[in-house]
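*Asks:* Give me the fold of what follows.
(chains A and B)
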Amino acid sequence: MPLGFFQSAASFLLLAAVAGMLASLFWTDALASRWSPAALAITHLLTLGFLGLVMLGSLLQMLPVLLGVTVNVRPFWIHAARHGLSAGALLLALGLGLGERILLIGAAATLGLSLLVLIPGFTRALFLSRARTQLTWPYRTAWIALWVTFILGLTLALGLAGLWPLSDPIGLTHLHLTWGLAGWVLLLIIGSAYQVIPMLQLTPPYPNRMSHSLIGLLCAGLILGTLGATAMASLILVLTALGFAFSTLWIQHQRRRKVDDETIRFWRLGMVSLTLCALLLPVTQTLAEQHSDPLQTSLGILFLIGFASSVVIGMLYKILPFLAWFHLRTQTSAPSSQIPNMKQFIPDPQQRQHFWLHLSSVVLLVPTPFLPGPFALPGWALLTLSALRLLRHIGAVKRSFLAHGGCL
Amino acid sequence: MSRIADYLSEDHTHCDDLFVAAENAVSTTDWALAQTAFEQFSNATLCHLAREEVILFPAFEATTGMVNGPTQVMRMEHTEMRDTLSAMADSLARHDSSAFLGLSETLLMLMRQHNTKEEQILYRMCDQMLAGEADNLVVRMAAVTPGANPQA
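*Replies:* Below you'll find the predicted structure:
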């Protein structure tokens, strides 16, 4: 079970939230600009630490089911990569936050080595799979996007550390975040949604032609952005995001199950946040830098915490209890009546409380780049509670799993 | 050619429809309707499992020689499904909606990930490997109905 990845990931969500609290308390206007050291550090705790670890952990578990392939990396190396990625994300956040050259070099080396361990296994699994599903190409493209993001990030980090000159650091940073957020994060979530939402929420499938078009559009947007056609790339990315968000909300509206499903709330929050991101992006591009900067920061909060984190938490609350149940059954051979069912691992009321905590944190955090530092404190405090909830629920699943005879 | 995949995927959809009817009835505590709907779902699911275990899997294993491969994994997951169905029947008899809905959530995850593996991998392999006898296999699987003797 990729429980270690999920626990490490949730710890990074907590770290990001605590860093946000400290920054808003002790560092006036620390988060008013997306270029501030605190904003850069928190962004990487969220993207690399939280989202990166949870996505890689989920892929390890989901590829055998969704593409019929196993990621052939020995458990020792998987654990080593997880610890390496965690250490690298922490070093990178510290390096960016404190402006320490040696930390940035250490981060680049640790992250590079950790990802190198995973390359052969993931690449072979993704590209040699014979399964032709709606997510085969989104996953392959997302994997390529992760590598482009990493290489651009490496260039930036080592350039900031003084190892080589950076001729256009801002342009390179825009490319880095476009490939990271639209390529790796959005593409992976879209690909997963194509399979996971109809499969687990009993909705109609995404329309076939539209699902292919969205992936094609997203790839075209990434390539145009790389070639410098920024306005066209933005328009395409906006249309893709809107198409995905609306089609997801539409098929969820048509789901056949009438029982409450708390994870759908997280998905809906994610889709509403993505819609707002798509509407705000063109606005930021019409404003001068000093006016667009706080709006860009709000956009980042909406994308990372409102969209990506919400969807990831929603998926975790499906995957984690099922894996615990499934491994308990196969390891102990105990009948279903003698082991907890999925809803007993993380009961609905607890998921619902977590949803409201998370939603409140998003609502309070989004306007904070326009307000003085201390106004951000309640939002970061709520996100801290949200992360603690997630950690508590993951811990509860682990304890229950072990108490019923499971072996990690 | 996707004769086998089409037939058995439609059977999955039929089982999903009956699952939803049973779960929705329990969620509104309409116990009489729930009992009928659950029996229909349970019978249809057990019939589907029998179609695979008695007709399809042996044919696949005889042609490919793979007896400890994907069909073995599918059989193990069928055992998990039967066990969970049995626990659901017990909770229904006790009119325990909380236990039933927890188990139905679990069964849904189990069924859907299982069906995905079958539809995207195993059935396609069957259509390739058993192309010459696909029509005959589908006729034989269709003859397996709830209550019928699948060995006949």
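*Asks:* So, low pLDDT: which residues of chain A?
*Replies:* A:1, A:28 (pLDDT under 70).
*Asks:* if we go to 80?
*Replies:* For chain A, the stretches with pLDDT under 80 are A:1, A:27-32, A:65-66, A:68, A:129-134, A:289-291, A:373.
*Asks:* Find the residue closest to the residue nearest the centre of it in space, skipping its chain neighbours.
*Replies:* In chain A, the residue lying closest to the centroid (Cα atoms, centre = their mean) is A:L51, at 3.1 Å. Nearest in space to A:L51, with sequence neighbours left out and distances taken as Cβ to Cβ, 6 or more residues apart in numbering or on different chains, is A:A308 at 5.6 Å. (C-beta placed from N, C-alpha, C; glycine too.)
*Asks:* what residues are up against the one you found?
*Replies:* With contact set as Cβ atoms under 8 Å, 6 or more residues apart in numbering or on different chains, A:A308 has these partners: A:L51, A:V185, A:I189, A:G270.
*Asks:* how about these in a markdown table, adding distance to A:A17?
*Replies:* Below are these laid out as a markdown table (distance: Cβ to Cβ, whole Å):
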| residue | distance to A:A17 |
| --- | --- |
| A:L51 | 14 |
| A:V185 | 19 |
| A:I189 | 21 |
| A:G270 | 18 |
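*Asks:* Relative to chain B, how far out is the residue nearest to the centre of chain A?
*Replies:* Separation of A:L51 from chain B (Cβ to the nearest Cβ, to the nearest Å) stands at 23 Å.
*Asks:* correct me, but that residue touches A:L304?
*Replies:* Yes. Counting by Cβ atoms under 8 Å, A:L51 does reach A:L304; the two are 7.5 Å apart.
*Asks:* Which secondary structure elements does whichever helix or strand A:A10 is part of sit against?
*Replies:* Using DSSP states H and E, A:A10 sits in helix A:3-26. Contacts defined by 3 or more Cβ pairs under 8 Å, 6 or more residues apart in numbering or on different chains; DSSP states H and E place helix A:3-26 against helix A:37-44, helix A:53-66, helix A:75-98, helix A:310-332, helix A:377-403.
*Asks:* quick one: low-confidence parts of chain B?
*Replies:* Applying pLDDT under 80 to chain B flags the ranges B:1-2, B:146-152.
*Asks:* Kindly report the residues of it close to chain A.
*Replies:* Listed as neighbours of chain A in chain B under the rule Cβ under 8 Å from any Cβ of the partner chain: B:16-17, B:20, B:23-24, B:27-28, B:76, B:80, B:83-84, B:86-87, B:90, B:98-99, B:101-106, B:108-110, B:112-113, B:116-117, B:120-121.
*Asks:* Please report how far B:E105 lies from A:P321.
*Replies:* 8 Å (Cβ to Cβ, to the nearest Å).
*Asks:* do the same with A:P138
*Replies:* Distance from A:P138 to A:P321, by Cβ to Cβ: 26 Å.
*Asks:* ok, now A:W179?
*Replies:* 33 Å.
*Asks:* how about B:V20, what does it touch?
*Replies:* A:L202, A:R256, A:R257, A:K258.
*Asks:* out of those, who's nearest A:F355?
*Replies:* Distance to A:F355 across the contacts of B:V20 (Cβ to Cβ) is lowest for A:R257, with 17.9 Å.
*Asks:* tally of neighbours for the nearest residue to that closest one once chain neighbours are set aside?
*Replies:* Take A:R257 and drop its neighbours on the chain: the residue closest to it by Cβ to Cβ, 6+ apart is A:L202, 4.9 Å away. Other residues within reach of A:L202, judged by other Cβ atoms under 10 Å in any protein chain shown, total 19.
*Asks:* Not including adjacent chain positions, what is the nearest residue to A:W164?
*Replies:* Take A:W164 and drop its neighbours on the chain: the residue closest to it by Cβ to Cβ, 6+ apart is A:L158, 6.5 Å away.
*Asks:* give the contact list for that neighbour.
*Replies:* A:L158 is in contact with A:L104, A:I105, A:A108, A:W164, counting by Cβ under 8 Å, 6+ apart.
*Asks:* So which of those are in helices?
*Replies:* Those of the contacts of A:L158 mapping onto helices are A:L104, A:I105, A:A108, per DSSP state H.
*Asks:* Dump those residues to TSV, plus distance to A:F6 and neighbour count.
*Replies:* Listed next are those as TSV, based on distance: Cβ to Cβ, whole Å; neighbours: other Cβ atoms under 10 Å in any protein chain shown:
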residue	distance to A:F6	neighbour count
A:L104	27	24
A:I105	29	18
A:A108	26	24
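*Asks:* Can you list the buried residues in the helix holding A:A10?
*Replies:* For helix A:3-26, a neighbour-count test (16 or more other Cβ atoms under 10 Å in any protein chain shown) marks A:3-21, A:23-24 as buried.
*Asks:* burial count for the nearest residue to B:T28 once chain neighbours are set aside?
*Replies:* Nearest in space to B:T28, with sequence neighbours left out and distances taken as Cβ to Cβ, 6+ apart, is A:K258 at 7.9 Å. Per other Cβ under 10 Å, the neighbour tally for A:K258 reads 12.
*Asks:* so which helix or strand takes in A:K258?
*Replies:* A:K258 belongs to no helix or strand when assigned by DSSP H and E.
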